[in-house]
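Participant: Please find the sequence and the predicted model below.
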Amino acid sequence: MISLPEYPDLQVCVLAAGRGKRMHSTQAKVLHKVLGRAMIDYLLHTVEELRPKGIAVVTGHASEQVRAHVGQPANLAWVIQDKQLGTGHAVKQCEEVIRDVRDVLIVCGDTPLLRSQTLSELVDTHRNNDAAVTVLTAEVDNPFGYGRIKRDSDGHVTGIVEEKDASDEERRIGEVSSGIYCVRHDVLFDLLHKLGNSNAQGEYYLPDIVPLALTNNHRVDAMPMRDVVEMIGVNNRVQLSEVEDLMQRRIIHDWQMQGVTVEKPDTVRIEATVNLGVDVVIQAGCYLIGSTRIGDGCRVGPNAVLVDAWLDDDVEVFAFSHIHSANVGAGAQIGPYGRLRPGAVLGEDVHVGNFVEIKNSVVDRGSKINHLSYIGDTDMGSGCNIGAGSITCNYDGANKHRTHIGDDVFVGSDTKLIAPVEVNSGATIGAGSIITKNVESGGLTLSERPDQRHVGNWRRPTKKKD
């Protein structure tokens, strides 16, 4: 990770007031998610890495949604743009909250691919050149939709013209504005107060501060960015998908560089909020969602889905398993086709096999549930073996009840444990039993409902030694 300088004399203005009509949504545009994280979260994290004096966020449409989502960090000020009168008007609303700084960095809330390193280079270039206004630009093959950078014969910036106001000749210009600016505080609001709105939209455009600055003999610079994808903004669902693809490539690349093997990168989804250890292997078709955390040495098989899951070290998840809000101890094995639902907590070296579902249950160290079983609302000890087709019947049609299973319990195939019930340590339950009463430790318990009997002097078979 590159170490960035701090900018205690810099204020950041985040423009997040746009309605985003083309998103066709009741949700604020900047709250739409890219790989599990809202666009505004990416931007705020990026600018916070600069350690600025403060951050002003301009909101308008659905401002309550945005504020509720972000909360109230100590160095963040909220600014309302009541009327959507353009980007210049939006920045102007920050005049009362931006004080006593050298420069103001203006960024857009719908550009989640923007990197803090790029912003740091912009601020440094701006200051090294002693410019009044510096715009972050890019050379693109298709400049449609972007403001074009106009230069004179000597290469000096003379203005920025928006797509809707550009002539045919101006639209052929390949250098475009990213909409990101660094402006000296002592000139910014003077320029904003001089803005006019004589344009096709009748709005106050932030780019119009460029010709105003030049008219007032201020220096205007433009810094081309290294990676043009950083400036991509999101205005519709198609662009949202495109940005998500680019972000996914970046995230996978970063994890690969940190010791994670992703076997088929184009087939997996790893959200921005996921955390992976070293020597983790992610196979084709996996979805890692939300706050999922995977420890060192784990292997996640094809088409597994992990949502808010926690895997300790050396866990193996086989193909087509689904783990949701569950914790899995070190060395455990899940699947194939295993399902762990919310509240499932598995200890070390637990084995959960094919078509086994576990919900709101604790399964202690070394226990095995290998085939076609349902374990719900259960506390299971260590060293247990649950036979194929066994079920803890936890729901009576109105209420949930718990099953308690001690250590070293053997449950034969096709057994039903009807909660509330307790199976004491060391017990063995014969195949096909329906258990409605507590089971004593040791011996063998059988049932042919409604009768249930206990064979006290029965001894469990032992494996023959080779």
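Facilitator: Cool, the structure landed.

Participant: which residues does Gly290 contact?
Facilitator: When contacts are counted by Cβ atoms under 8 Å, 6 or more residues apart in numbering, Gly290 touches 36, 271, 273-274, 307-308. Placement of C-beta: from N, CA and C, glycine included.

Participant: between the residues you listed, which is closest to Thr46?
Facilitator: Nearest to Thr46 out of these is Thr273 (Cβ to Cβ; 15.6 Å).

Participant: Nearest residue to that closest one in space, ignoring adjacent ones along the chain?
Facilitator: Nearest non-adjacent residue to Thr273, counting by Cβ to Cβ, 6 or more residues apart in numbering: Gly36, 5.1 Å away.

Participant: didn't the one you found look like it was pressed against Arg269?
Facilitator: No: with contacts counted by Cβ atoms under 8 Å, Gly36 stays clear of Arg269, the gap being 9.1 Å.

Participant: joint contacts of those two?
Facilitator: Joint contacts of Gly36 and Arg269 (Cβ under 8 Å, 6+ apart) are Ile289.

Participant: who's in contact with the top helix by length along the chain?
Facilitator: If you go by DSSP state H, the chain has its longest helix at helix 237-257. For helix 237-257, the external contacting residues (Cβ under 8 Å, 6+ apart) are 23-24, 32, 34-35, 112-113, 229, 232-234, 262, 265, 268-272, 276.

Participant: Okay, and which of these map to strands?
Facilitator: Using DSSP state E, the members of the contacts of helix 237-257 that fall within strands are 34, 262, 269-270, 276.

Participant: These into TSV, with extra columns for neighbour count?
Facilitator: Shown next, in TSV, are those (neighbours: other Cβ atoms under 10 Å):
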residue	neighbour count
Val34	22
Val262	21
Arg269	17
Ile270	25
Leu276	23
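
Participant: mind listing what Gly443 touches?
Facilitator: 427-428, 454-458.

Participant: What score does it have for pLDDT?
Facilitator: At Gly443, the model reports a pLDDT of 92.

Participant: next one: Pro112
Facilitator: Value for Pro112, per-residue pLDDT: 97.

Participant: cool, Asp165 as well?
Facilitator: 84.

Participant: For Val421, see how far away Ala427 is.
Facilitator: Noted for Ala427: a distance of 11 Å to Val421, by Cβ to Cβ, to the nearest Å.

Participant: more crowded one of these two?
Facilitator: Between Ala427 and Val421, counted using other Cβ atoms under 10 Å, Ala427 has the larger neighbour count: 26 against 19.

Participant: Hmm, the more buried one is touching Val409, no?
Facilitator: Yes: Ala427 is within contact range of Val409, at 5.2 Å (criterion: Cβ under 8 Å).

Participant: ok, back up a step: check the contact lists of Ala427 and Val421 and give me the overlap.
Facilitator: With Cβ under 8 Å, 6+ apart as the test, Ala427 and Val421 both reach Val439.

Participant: hang on, the earlier thing: would you format the contacts of Gly290 as TSV with pLDDT included?
Facilitator: As requested, the contacts of Gly290 are exported to TSV (pLDDT from 0 to 100):
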residue	pLDDT
Gly36	97
Glu271	98
Thr273	97
Val274	98
Val307	98
Asp308	98
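
Participant: quick revisit: ok, now which ones touch the residue nearest to Thr273?
Facilitator: 271-274, 289-290.

Participant: can you do 7 Å?
Facilitator: Contact analysis of Gly36 by Cβ atoms under 7 Å, 6 or more residues apart in numbering lists 271-273, 289-290.

Participant: quick one: it and Glu48, what's the gap?
Facilitator: For Gly36, the distance to Glu48 - Cβ to Cβ - is 19 Å.

Participant: what does Leu136 give?
Facilitator: Distance, Leu136 to Glu48, using Cβ to Cβ: 18 Å.

Participant: So which of the two has more stuff around it?
Facilitator: Legend: neighbour count by other Cβ under 10 Å for Leu136 and Glu48, higher for Leu136 (26 against 15).

Participant: List the beta-bridge partners for the more buried one.
Facilitator: Met223 (DSSP bridges).

Participant: My guess is it contacts Arg226. True?
Facilitator: No: applying Cβ atoms under 7 Å as the test, Leu136 and Arg226 come out as separate, 10.7 Å apart.

Participant: Now do stretch 326-341: distance from first to last residue.
Facilitator: Taking Cα to Cα, to the nearest Å, stretch 326-341 runs 6 Å from one end to the other.

Participant: Repeat that for stretch 254-268.
Facilitator: 14 Å.

Participant: likewise stretch 44-61?
Facilitator: Terminal residues of stretch 44-61 lie 19 Å apart, using Cα to Cα.

Participant: same check, this time on stretch 429-443
Facilitator: 9 Å.

Participant: in it, what's buried?
Facilitator: Within stretch 429-443, the residues that count as buried by 16 or more other Cβ atoms under 10 Å are 429-430, 432-435, 439, 442-443.

Participant: Check stretch 368-387 too.
Facilitator: For stretch 368-387, by 16+ other Cβ under 10 Å, it's 368-378, 380-387.

Participant: Which of the three states applies to Gln117?
Facilitator: helix (DSSP: H, G, I helix; E, B strand; the rest coil).

Participant: what's the burial count for it?
Facilitator: Residues within reach of Gln117, counting by other Cβ under 10 Å, total 17.

Participant: my guess is it contacts Ser3, does it?
Facilitator: No: using Cβ under 7 Å, Gln117 is not in contact with Ser3, being 10.1 Å away.

Participant: show me what contacts Met23?
Facilitator: Residues near Met23 by Cβ under 7 Å, 6+ apart: 29, 32, 236-237.

Participant: The stretch 1-150 of the chain: strands as residue ranges?
Facilitator: 10-16, 33-34, 37-38, 54-59, 76-80, 103-108, 133-139, 148-151 (DSSP state E, counting those that start in this stretch).

Participant: Any figure for the gap between Cys384 and Gly343?
Facilitator: Using Cβ to Cβ, one gets 18 Å for the distance from Cys384 to Gly343.

Participant: Give me the distance between the strand ranked longest in the chain and the centre of its chain.
Facilitator: If you go by DSSP E, the chain has its longest strand at strand 175-184. For strand 175-184, the distance from its own C-alpha centre to the chain's C-alpha centre is 28 Å (Cα atoms, centre = their mean, to the nearest Å).

Participant: So which other helices or strands are in contact with it?
Facilitator: Identification of packing neighbours for strand 175-184 by 3 or more Cβ pairs under 7 Å, 6 or more residues apart in numbering; DSSP states H and E yields strand 103-108, helix 116-128, strand 133-139, strand 148-151.

Participant: now those as a markdown table including mean pLDDT and distance to Pro8?
Facilitator: Shown next, in a markdown table, are those (pLDDT from 0 to 100; distance: least, Cβ to Cβ, whole Å):
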| stretch | mean pLDDT | distance to Pro8 |
| --- | --- | --- |
| strand 103-108 | 98 | 11 |
| helix 116-128 | 97 | 12 |
| strand 133-139 | 95 | 19 |
| strand 148-151 | 92 | 31 |
